[in-house]
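Undergrad: Please work out how this folds:
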Amino acid sequence: MSTRKASGDDEVRIENLGQLVEPMLQGEKPSNRWRIGTEHEKLVFKTSDHHAPTYGEKGGIRDILLAMREFGWEPVEELGPDGTVDVIAMAGDDGTISLEPAGQLELSGAPLETLHQTCAETGRHLTQVKTVGEGCEVGFLGLGMWPDKARADLPVMPKQRYSIMMRHMPKVGELGLDMMLRTCTIQVNLDYSSEADMAKKFRTGLALQPLATALFANSPFTEGKPNGFLSYRSHIWSDTDPHRTGMLPFVFEEGFGYERYVDYMLDVPMYFVYRDGVYIDAAGQSFRDFMKGELPALPGELPTPSDWWDHLSTAFPEVRLKSFLEMRGADGGPWNRICALPALWVGLLYDENALDAAWDLVKHWSMEEREALRNAVPKQALGAAIPGGGTLRDLAGDVLDIAHAGLVARGRLNSMGDNESGFLNPLRQIVESGKVPAEVLLEKYHGEWDGDITRVYEESF
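TA: Next comes the predicted model:
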């Protein structure tokens with residue numbers, strides 16, 4: 001989730017629908033300015049007993065964040081619920097290190113030109129957090145969900161927006177608190193050149209998001225036991241909040257564009273408004289009312305562009321639009337798979353021929369078929385049936401071939417003369433073996449681990 005840095009008290013007020021399209025319009029870039037922004041979360045545990053560290057304990061989350069100053073990162077602070085000033089993130093040349101609700105550590109990477117740079121950024125981050133982890137006596141897990149922790153076992157970080165969300169979540173779904181407290185993801189943020197380019201990428205990304213979920217499925221345990229799913233993290237999203245999640249059928253309708261997405265977002269209930277360093281609870285209220293000066297939380301006030309940007313960050317569909325597109329379907333994982341996710345989507349979406357070929361694979365699917373595939377993947381992963389016959393594993397080979405061709409066509413070479421296609425290799429290995437990461441973990445659990453879930457802590461980040 002994003003970390004707020006600005007005051008939110010902009011001079012400009014939003015008074016018409018045209019202003020709501022501005023973030024999307026401002027995101028348009030020619031292809032030579034397209035960038036890759038990779039975000040990845042990891043679970044933090046104390047090496048002594050595997051507990052999830054609290055914010056304030058010795059060697060806890062606050063200490064971990066501040067220790068990153070050794071590598072040039074600078075604190076981002078926020079007024080805490082008890083009136084104290086808390087460090088909630090660290091900002092640096094490689095982006096932002098921020099906190100998820102239960103202390104999951106996230107790198108929101110810088111916008112980069114190539115996957116080689118993305119991989120180097122990820123490697124630097126890994127080296128830095130491992131060094132800090134040794135000093136704070138913590139380790140990191142690259143999984144999609146805590147394998148052994150109940151909600152009650154987990155701390156809550158002192159970020160104001162999280163307290164608002166946690167009060168609201170149980171009112172709209174059964175698993176929203178699990179999403180906040182127990183899950184981790186990898187995602188990639190990508191650019192577009194025009195409204196038509198955005199729409200085509202959005203549709204292709206949504207249709208193929210179940211494949212990404214399957215390839216990265218890595219959350220088969222709940223509270224120490226197999227949970228019957230391969231991506232329980234993906235299942236959690238199906239019962240978090242129906243107003244702000246899902247496959248967005250309207251994206252596939254003729255004429256889809258910025259204004260239609262704005263209409264969707266106006267129907268997404270609000271969480272909060274940020275004023276003078278404080279998050280004001282507006283959970284369940286309407287941005288449409290806000291634009292009329294009738295928001296119960298701030299009667300008489302009109303929204304600012306920052307308010308709208310905040311609101312855009314509170315919807316959680318499988319693909320999300322702001323001034324870029326976010327691919328959101330993957331479970332968290334270890335270092336080599338972090339680089340593989342942007343490789344998949346850059347290969348498919350950043351080359352016109354590859355984008356056409358990828359869309360041709362899925363454009364004839366009905367919305368019912370897309371929904372059925374998305375619903376099957378959390379349990380079946382690559383074994384899920386695809387429209388027209390066969391399984392996702394059958395489709396995966398074709399998709400990876402298209403992504404490979406797209407990366408080769410980009411021609412972004414490293415100092416050794418290698419293009420970016422090698423970053424797809426971990427996914428090739430998954431498809432060739434037929435075993436997604438969760439299935440490998442389950443084999444270990446039932447085999448060499450002999451049912452001892454604590455062995456998962458040896459599978460470090």
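Undergrad: make it CA atoms for all contacts and neighbour counts henceforth
TA: Fine.
Undergrad: Excluding chain neighbours, what is closest to residue 139?
TA: Take residue 139 and drop its neighbours on the chain: the residue closest to it by C-alpha to C-alpha, 6 or more residues apart in numbering is residue 45, 5.4 Å away.
Undergrad: Check the burial of the one you found by counting its neighbours.
TA: Around residue 45 there are 23 other residues, counting by other C-alpha atoms under 10 Å.
Undergrad: name the element it belongs to?
TA: Residue 45 belongs to strand 36-46 when assigned by DSSP states H and E.
Undergrad: what's that strand in contact with?
TA: The set of residues that contact strand 36-46 without belonging to it, under C-alpha atoms under 8 Å, 6 or more residues apart in numbering, is 51-53, 103-115, 118, 137-143, 146, 184-191, 332-333, 338, 342, 346, 461.
Undergrad: Can you name the element that comes right after it?
TA: Next along the chain from strand 36-46, counting by DSSP H and E, comes helix 61-67.
Undergrad: mean confidence for that following helix?
TA: If you average the pLDDT over helix 61-67, you get 98.
Undergrad: One more: stretch 419-436?
TA: When pLDDT is averaged over stretch 419-436, the result is 98.
Undergrad: Kindly report the same for stretch 136-148.
TA: Mean pLDDT, taken over the full extent of stretch 136-148, equals 97.
Undergrad: try stretch 365-385
TA: Rounded to a whole number, the mean pLDDT of stretch 365-385 is 98.
Undergrad: Check stretch 33-45 too.
TA: Mean predicted confidence for stretch 33-45 is 98.
Undergrad: Could you do stretch 210-230 as well?
TA: Per-residue scores along stretch 210-230 average to 98.
Undergrad: Dump it to PDB, restricted to CA.
TA: Extracted as PDB, the C-alpha positions of stretch 210-230 are listed here (Å, rounded to 0.1, in the frame of the first residue of the first chain):
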ATOM      1  CA  PRO A 210      -4.800 -15.900 -13.400                       C
ATOM      2  CA  LEU A 211      -1.800 -17.200 -15.100                       C
ATOM      3  CA  ALA A 212       0.500 -14.900 -13.100                       C
ATOM      4  CA  THR A 213      -1.300 -16.000  -9.900                       C
ATOM      5  CA  ALA A 214      -0.800 -19.700 -10.900                       C
ATOM      6  CA  LEU A 215       2.900 -19.300 -11.700                       C
ATOM      7  CA  PHE A 216       3.600 -17.500  -8.500                       C
ATOM      8  CA  ALA A 217       1.200 -19.500  -6.200                       C
ATOM      9  CA  ASN A 218       3.100 -19.600  -2.900                       C
ATOM     10  CA  SER A 219       0.700 -19.600   0.000                       C
ATOM     11  CA  PRO A 220      -0.400 -23.200   0.800                       C
ATOM     12  CA  PHE A 221      -0.300 -23.000   4.600                       C
ATOM     13  CA  THR A 222      -2.500 -21.400   7.200                       C
ATOM     14  CA  GLU A 223      -1.700 -21.600  10.900                       C
ATOM     15  CA  GLY A 224       0.800 -24.400  10.400                       C
ATOM     16  CA  LYS A 225      -1.200 -26.700   8.200                       C
ATOM     17  CA  PRO A 226      -2.000 -27.100   4.500                       C
ATOM     18  CA  ASN A 227      -5.100 -25.000   3.700                       C
ATOM     19  CA  GLY A 228      -6.200 -26.700   0.600                       C
ATOM     20  CA  PHE A 229      -5.100 -23.900  -1.700                       C
ATOM     21  CA  LEU A 230      -2.000 -23.200  -3.600                       C
END
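Undergrad: Residues contacting it, please?
TA: 143-150, 231-234, 329-333, 337, 341, 373-374, 377-382, 392, 396, 427, 430-431, 436-439, 441-442, 453.
Undergrad: Just the buried ones among these, please.
TA: The neighbour-count test (16 or more other C-alpha atoms under 10 Å) marks 143-149, 231-234, 329-333, 337, 341, 373-374, 377-382, 392, 396, 427, 430-431, 436-439, 441-442, 453 as buried among these.
Undergrad: how much distance is there from stretch 410-428 to the middle of the chain?
TA: Relative to its parent chain, stretch 410-428 has a centroid offset of 23 Å by C-alpha atoms, centre = their mean, to the nearest Å.
Undergrad: Restrict it to CA atoms and write it as CSV.
TA: Once non-C-alpha atoms are left out, stretch 410-428 reads as follows in CSV (Å, rounded to 0.1, in the frame of the first residue of the first chain):
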residue,chain,number,x,y,z
ARG,A,410,13.1,-4.7,-26.8
GLY,A,411,16.8,-5.2,-27.3
ARG,A,412,17.8,-4.0,-23.8
LEU,A,413,21.2,-5.5,-23.2
ASN,A,414,23.4,-5.6,-20.2
SER,A,415,27.2,-5.2,-20.1
MET,A,416,27.7,-8.8,-21.2
GLY,A,417,25.4,-8.4,-24.2
ASP,A,418,22.5,-10.4,-22.7
ASN,A,419,18.9,-9.3,-23.4
GLU,A,420,16.2,-9.4,-20.7
SER,A,421,14.7,-12.8,-21.6
GLY,A,422,16.8,-14.7,-19.1
PHE,A,423,14.7,-13.3,-16.3
LEU,A,424,11.9,-15.6,-17.5
ASN,A,425,13.9,-18.7,-16.7
PRO,A,426,12.4,-19.4,-13.2
LEU,A,427,8.9,-19.4,-14.8
ARG,A,428,10.1,-21.7,-17.6
